[in-house]
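Peer 1: Whatever this is, show me its structure:
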Amino acid sequence: MNPELQEERERATFRTSELTNLLDDGDTVTKERIRALVEADPIFCKRDRMHLNHADQYQRSLQKCIRIEELRKQHRMTQQEEFYLKLFVDEAMAFTLHDVAFLPTLQWQCSEEQKARWLPLAERREIIGCYCQTELGHGSNIRGLETTATFDVEKDCFVLHSPTLTSTKWWPGGLGRTATHAVVYARLLVPAASAADGLRDHGIHPFFVQIRCLKTHTALPGVTVGDIGPKMGYNTVDNGFLAFKNVEIPRDHLLHKTGIVQRNGTYTQPSKKDQFAVYDSMVNIRAMLAATASTQLARAATIAVRYLCVRRQFSFPGDSKERKVLDYPSVQYRVVPWLACAYALHFTGRYMMRLHAAYKQSGDAKLLKEVHSTSSGLKSLCTSMAANGIEQCRLACGGHGYSELSGLPEAYTTYVAVCTAEGDNFLLKQQTTRHLLKSMHAAVTGEALTGSVSYLCDCFTTVANISSASSAQDFLEPQLQLEALRFRATRLLLDLAQNLQTDTENGTLPHDAFIQRGWDVVRVCDAHCTYTMAVSFHTELEKTAASAELLTCLRRVCSLFILYWTEHDVADLLQFGYFSGKQVAMLKSQVHSLLQAVRADAVPLVDAFNLSDHFLNSAIGGHDGKVYETLYDWAQKNPLNTQPPASPFVLASKL
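Peer 2: The predicted structure is shown next:
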């Protein structure tokens, strides 16, 4: 054990095991048992993953998929245990989209008869599916998708066709080499009642489509399918392309909760209840992404904090040795807030999953609007925050952070994909802000609001206030912290609403006005979601039964998270007159004090995440702190150093 880390752990102000149990929600024993299974199995070793090309990484992931299935059946794992198993394997795999997109879509968008036919096959992995929506020419604009599904009345089938190059499905995970089936989103075209009227366009609908032979795994006639090639990261997954040339599928392969076409070509719209089911599959994935952002940022924070407590650079008069890099205030400012963010993301994730579970239990349509808006905004903010934090932690580690051996480059290039997947983060913010504008209008007209938008009921009172802080100490008061974020969120929203109204009164179409105010739309969403995160963090701490020592530490972490982002956006609060210049100075002073206080417990705080060395896969972030020994050892195992030497001059002479 490196004495630097041992010293850090010995001066912890709380019991690390208590915090770990709190983060695990009392499930630490189960997690440890599943983690031991993973780390004892050589198939799950990922030490050499950085040296593998895309094809080799994919083949390795298939082996892991098979082993996961074996363990799942052998140990009769519950759904939660299976979740832990995949978490600790720590790799996006060929079956990932089958589990998180294909299966849920069948579950929520198929009729009971369709589910009885297809779902058991998918659950037993007798068929492997993917989710084909995005096309080469269209991603976020679902209405612009070009793939067609034309109903042929005589043959009683749909004819799938890719009419243009840009209509080729592009990016679906698991499509390139793995999937036998796909949920394909296509434009539903049905003959009009009068032949003279041609085809009637009923919009985009999902279809259950077999794309490969179950015996030979070759593409079926009329199907062109393959892998799109190496990516910035995520190369264990076979993201693919798919095109159709007049491929016929049965009429009942249209997922029936999205619509039904009768034998005579009559189209029946889904009920409102079934329309909500369509939303739910999308909301579920976004809620999950928001909830899991914490683990990915915690990984980077753990690596950075441990490394920067071992790394020493520069000495000054009076120093007996060089100083720990994390003891420099400038480095603390670059790293410690992201540690606080990891904790904020964890408790926000709990809130998001509870909200989604409440909707699933109640089926309340009004609650779905809240869940949809909140999951969109939090998916956007939480994943962006985690991705930015991972990169900042990497940068803070200097040259060693640039090395793949640190584990940080792969952590970033793999995770950053979620900022685009399942809804581009900037576009998702628009959905949340539209909901906020409608909610504020409802509040102004006297309608009662609940959930995350309830604070808008007092919008005019909120924006009439100014901060009451008279000292740096006052900024540790939770009410004062939340009031500042609430003020900013409310004022930005009111300003946007007023500006949109002015734009439309001056002749700008409402849609165009919203687009022209695009950056204000983004800032409104982020302000609201930051406030939501702060409230979630604070609320969780208030109801947590923990020791006084642990609560004291977590309240510091919570205060740092809130005040760091308040300082980050302090220009708005100054512009609107909420803070004076003197109060901003107090705020900055308190942030500086909190950085030092949280830094003192930084190693115990990252230890509490309980991320194993196998999971981190980092030469510089190991639990034992043997940074230089591990870097040197792993470098010796580099394939370039284990192969027979080859003189570059000899190679050049053969050219």
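Peer 1: and the residue nearest to F615 when sequence neighbours are not counted, what does it touch?
Peer 2: Spatially, and ignoring its direct neighbours in sequence, F615 is nearest to D90 (5.4 Å; CB to CB, 6 or more residues apart in numbering). All C-beta atoms are positioned from the backbone trio N, CA, C, and that covers glycine. Neighbouring residues of D90 by CB atoms under 8 Å, 6 or more residues apart in numbering: 46, 614-615, 617.
Peer 1: Could you identify which of those has the most neighbours?
Peer 2: N617 (23 neighbours; other CB atoms under 10 Å).
Peer 1: show me where the protein has strands.
Peer 2: 129-132, 148-152, 157-161, 169-170, 181-191, 199-210, 223-227, 240-244, 247-250, 260-261, 267-268, 312-313, 323-324 (DSSP state E).
Peer 1: Select, out of those, the one closest to V418.
Peer 2: strand 129-132 (14.8 Å; CB to CB).
Peer 1: Enumerate the positions of the closest one that are buried.
Peer 2: 129-132 (16 or more other CB atoms under 10 Å).
Peer 1: can you check stretch 568-580 too?
Peer 2: In terms of neighbour count (16+ other CB under 10 Å), stretch 568-580 has its buried residues at 569-570, 572-573, 578-579.
Peer 1: ditto for stretch 25-36
Peer 2: By 16+ other CB under 10 Å, the buried positions in stretch 25-36 come out as 31, 34-35.
Peer 1: Go through the residues you listed and say which is closest to Q361.
Peer 2: Nearest to Q361 among the buried residues of stretch 25-36, with distances taken as CB to CB, is K31, at 25.4 Å.
Peer 1: I figured T292 hits G349, correct?
Peer 2: Yes: distance between T292 and G349: 6.8 Å, which falls inside the contact criterion (CB atoms under 8 Å).
Peer 1: Could I get the contacting residues of F615?
Peer 2: Applying CB under 8 Å, 6+ apart, the residues near F615 are 35, 88, 90, 299.
Peer 1: mind running it again at 10 Å?
Peer 2: 35, 38-39, 46, 87-90, 295, 299, 302, 407, 609 (CB atoms under 10 Å, 6 or more residues apart in numbering).
Peer 1: Check what pLDDT S647 gets.
Peer 2: Per-residue pLDDT puts S647 at 63.
Peer 1: on that earlier part again, now the two most distant members of the contacts of D90.
Peer 2: So, the contacts of D90 by CB to CB: farthest apart are K46 and F615, at 9.3 Å.
Peer 1: Give the residues shared as contacts by these two.
Peer 2: In terms of CB under 10 Å, 6+ apart, K46 and F615 are both contacted by the residues 89-90, 407.
Peer 1: which helix is the longest one in this structure?
Peer 2: Counting residues, the longest helix in the chain under DSSP state H turns out to be helix 272-310.
Peer 1: still on that earlier bit, could the shared contacts of K46 and F615 be laid out in CSV, adding distance to V325 and pLDDT?
Peer 2: Output for those, formatted as CSV (distance: CB to CB, whole Å; pLDDT from 0 to 100):
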residue, distance to V325, pLDDT
V89, 32, 93
D90, 27, 92
G407, 18, 96
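Peer 1: Make TSV from those and add distance to L254 to it.
Peer 2: Output for the shared contacts of K46 and F615, formatted as TSV (distance: CB to CB, whole Å):
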residue	distance to L254
V89	35
D90	37
G407	45
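Peer 1: Kindly indicate which of those residues lies nearest L242.
Peer 2: V89 (27.1 Å).
Peer 1: and the closest one, how far is that from P206?
Peer 2: Distance, V89 to P206, by CB to CB, to the nearest Å: 29 Å.
Peer 1: what do you get for Y328?
Peer 2: According to CB to CB, Y328 stands 54 Å off from P206.
Peer 1: And the two? Which one has more around it.
Peer 2: Using other CB under 10 Å, the more surrounded residue of Y328 and P206 is P206, with 27 against 14.
Peer 1: give the contact list for the more buried one.
Peer 2: P206 touches 105-106, 109-110, 131-133, 149, 182-186, 188, 253-255, 257-259, 278, 281, counting by CB under 10 Å, 6+ apart.
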